[in-house]
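Trainee: I need the structure of the sequence given here:
(2 chains)
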Amino acid sequence: MIRRLYAYKDLLLVFIWREFLIRYKQTAIGVLWAILQPVSLMMLFTFIFGVVLKTTQKEYPYTLFYFAGVLPWTFFSGATNFSVTSLSGNFNLVTKIYFPREIIPLSGVAINFIDYLIGLVVYFLLLLCYGIPLTWNILWLFPLLVMLVLYTTSISLLLAALNVYYRDVKLASTFLLQFLFFATPVIYSIDRVENRWKTLLFLNPLTFIVENMRRVTIEGRGIVLWQIAAEMAGILILYFVIYRIFIRIERAFADVI
Amino acid sequence: MLSDPVISFQQVWKKYSKQQALNNSLREELFSVITGRKSREELAAGEFWALKDISFSVKKGECIGLYGPNGSGKSTILKLISNVTYPTKGAIGVKGRVAPLIELGAGMHPDLTGIENIYMNGTILGLTIKELKRKIPEIVEFSGLDDFINVPVKKYSSGMYLRLAFSIAVHSPADIFLFDEVLAVGDDNFQAKCLERIELIMKNNGTILVVSHDGVALKSLCDDIISLKSGAAIY
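Mentor: Presented below is the predicted three-dimensional model:
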């Protein structure tokens, strides 16, 4: 992938920059949206599940619990949502000029990642405000981020490519994302799930990523090495398979789009 | 060296489908990932040949016109050269950087300003950000849009839009330029400038392919003309 994209690195950069500009053109508060969206979701969840329903998930503050879940989820759903229509929506480019097609969905992943990083800064400020002691285990966050980005990229490429052939993908992805939201421990903790459902939930790589992101930041605990190695291996295989398929069917995009 | 062809088509066939539902093609592509088999070469129901047995070669510095009515396969040839699509049968060889000016301004975004669109379209045409930074004054001057260059292009008139797109395109450092029906850009003044620019490209040993159904204009500009009729070359 890197070898393929190196010659087009400037195009990728300009694409990212373009998407970033378009996103915040003619908006009053601009990049603040990157903070406002996850923060308002967090406040909503805190209100519903903490204040109204009075559920307890963990012994630490609700705001931290929900924000830690909302951030990676917003990144994943934002990036995949962008990607689904990215190729079919840019058909005037795809049918006219050649460049590696993955550049378009990748730029969507990239701008959502920028938003995610801004959100992470807010997250760490919150951790400081609540006086959560940070430990060296926080370094686990880096492999988790790599896994999250790889997984999001794989799904984005897959959906973008499929939507070139079948527009059903766009329609299906909207509610599949809603399903996936509930299959990801954003508004609950996996520790409170019965064992027989746990295995099922862990089939979703996001479950592992989101749970452990809370664990290494708020709880200051480490990750079991074989678990993260297995998850990483699974995500890498998925990524290579999807990328290979993408490159194979990319040739035909201009003819079928 | 000079006589080496930069573009060569050898018995190129290209098949297209008329149908909207293309479930077969995805299945075929996925299947071929596993088996490594090439796609079918015969026509299925609802398919037709957009190009039939096309062979030609273009030498460096030549200007070739592609002439024919709508739907004769002119644009398909340009798409094959620029790698947007692939031939069903036959072989294509292209040497050098290609600037496909197929429908100007494909990469323009209405919300972005002129300058921002220069970066966008420029990198799509294969320029680097560094090259663009250097060339921007030249591009802006050529377009004659100095006063409007920081205005979103959605506020441009269609003539201004095309002038900007053309200016970006001709400043690309490519070896091969593909023009698709773009000879009628802007007013007389700008058109004269464009033709001048095309002649300059030829003088600098750039290779040019022009598509048009205006036979007279092609004859005055090109060294050679390939006439097409429903996918086949007529000599």
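
Trainee: can we go C-alpha only for contacts and neighbour counts from here?
Mentor: Noted.

Trainee: so who does B:Arg164 touch?
Mentor: Quick fix: residue B:164 is Leu, not Arg. Shown in contact with B:Leu164 (CA atoms under 8 Å, 6 or more residues apart in numbering or on different chains): B:Gly114, B:Ile118, B:Val140, B:Ser143, B:Leu145.

Trainee: how close does B:Ala174 get to B:Trp13?
Mentor: Going from B:Ala174 to B:Trp13 by CA to CA, to the nearest Å gives 26 Å.

Trainee: the more surrounded of the two?
Mentor: Neighbour comparison, B:Ala174 and B:Trp13: the larger count goes to B:Trp13, with 22 against 19 (by other CA atoms under 10 Å in any protein chain shown).

Trainee: listing request: residues of chain A with sub-threshold pLDDT.
Mentor: Along chain A, the model assigns pLDDT under 70 to residues A:1.

Trainee: how about the helices in it?
Mentor: Using DSSP state H, the helices of chain A run over residues A:2-6, A:9-24, A:33-45, A:62-84, A:86-89, A:91-94, A:103-129, A:141-165, A:168-182, A:195-202, A:205-217, A:225-250, A:253-256.

Trainee: what about the fifth one, near chain B?
Mentor: No: against chain B, helix A:86-89 shows no contacts by CA under 8 Å from any CA of the partner chain, the least distance being 12.1 Å.

Trainee: between the contacts of B:Leu164, which sits nearest A:Phe253?
Mentor: B:Ile118 (25.7 Å; CA to CA).

Trainee: OK, contacts around the closest one?
Mentor: By CA under 8 Å, 6+ apart, the contact list for B:Ile118 reads B:Ile136, B:Leu164, B:Ile168.

Trainee: ditto for A:Ile187
Mentor: If you count contacts by CA under 8 Å, 6+ apart, A:Ile187 has them with A:Phe45, A:Tyr66, A:Gly69.

Trainee: got a winner among those for most neighbours?
Mentor: Highest neighbour count within these, by other CA under 10 Å: A:Tyr66, with 26 neighbours.

Trainee: next one: the closest residue to that residue other than its chain neighbours from A:Thr74, what distance?
Mentor: Excluding its sequence neighbours, the residue lying closest to A:Tyr66 (CA to CA, 6 or more residues apart in numbering or on different chains) is A:Met42, at 5.4 Å. To A:Thr74, A:Met42 is 11 Å away according to CA to CA.

Trainee: these two: which has the busier surroundings?
Mentor: Shown here are A:Met42 and A:Thr74; by other CA under 10 Å, A:Met42 has more neighbours (24 against 21).

Trainee: can you classify B:Ala45 as helix, strand or coil?
Mentor: coil (DSSP: H, G, I helix; E, B strand; the rest coil).

Trainee: give me the neighbour count for it.
Mentor: Neighbours of B:Ala45 (other CA under 10 Å): 8.

Trainee: and the residue of the stretch 51-200 of chain A at minimum distance from chain B, its phi and psi?
Mentor: Closest residue of the stretch 51-200 of chain A to chain B, CA to the nearest CA: A:Tyr98 (4.8 Å). For A:Tyr98, the backbone dihedrals (degrees, to the nearest 10) come out as phi -90, psi 130.

Trainee: confirm for me that it is in contact with B:Val84.
Mentor: Yes: in this structure, A:Tyr98 is within contact of B:Val84 by CA atoms under 8 Å, at 4.8 Å.

Trainee: just the pLDDT at B:Ile34, thanks.
Mentor: With respect to pLDDT, B:Ile34 scores 63.

Trainee: in contact with the residue of the stretch 51-200 of chain A closest to chain B, which residues?
Mentor: Counting by CA under 8 Å, 6+ apart, A:Tyr98 touches B:Ser82, B:Asn83, B:Val84.

Trainee: what's the answer for B:Ile149, then?
Mentor: Counted by CA under 8 Å, 6+ apart, B:Ile149 has contacts B:Thr113, B:Gly114, B:Ile115, B:Val140.

Trainee: so A:Phe202 sits right up against A:Phe208, yeah?
Mentor: Yes: look at A:Phe202 against A:Phe208 with CA under 8 Å: they come within range, at 6.3 Å.

Trainee: which of those two has more residues huddled nearby?
Mentor: The residue with more neighbours, out of A:Phe202 and A:Phe208, is A:Phe208; 21 against 16, by other CA under 10 Å.

Trainee: residue contacts, that one?
Mentor: Contacts of A:Phe208 (CA under 8 Å, 6+ apart): A:Phe202, A:Glu231.

Trainee: cool, the one 5 residues further on as well?
Mentor: By CA under 8 Å, 6+ apart, the contact list for A:Met213 reads A:Ala68, A:Leu141, A:Leu144.

Trainee: export the residues you listed to a markdown table and tack on neighbour count?
Mentor: Putting the contacts of A:Met213 into a markdown table (neighbours: other CA atoms under 10 Å in any protein chain shown) gives the following:
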| residue | neighbour count |
| --- | --- |
| A:Ala68 | 25 |
| A:Leu141 | 18 |
| A:Leu144 | 20 |
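
Trainee: now these in CSV, with distance to B:Ala192?
Mentor: Shown next, in CSV, are those (distance: CA to CA, whole Å):
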residue, distance to B:Ala192
A:Ala68, 62
A:Leu141, 60
A:Leu144, 59
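
Trainee: near chain B, from those?
Mentor: Subset of the contacts of A:Met213 in contact with chain B: empty, counting by CA under 8 Å from any CA.

Trainee: and the contacts of A:Tyr98, which of them are in strands?
Mentor: Residues of the contacts of A:Tyr98 located in strands (DSSP state E): none.
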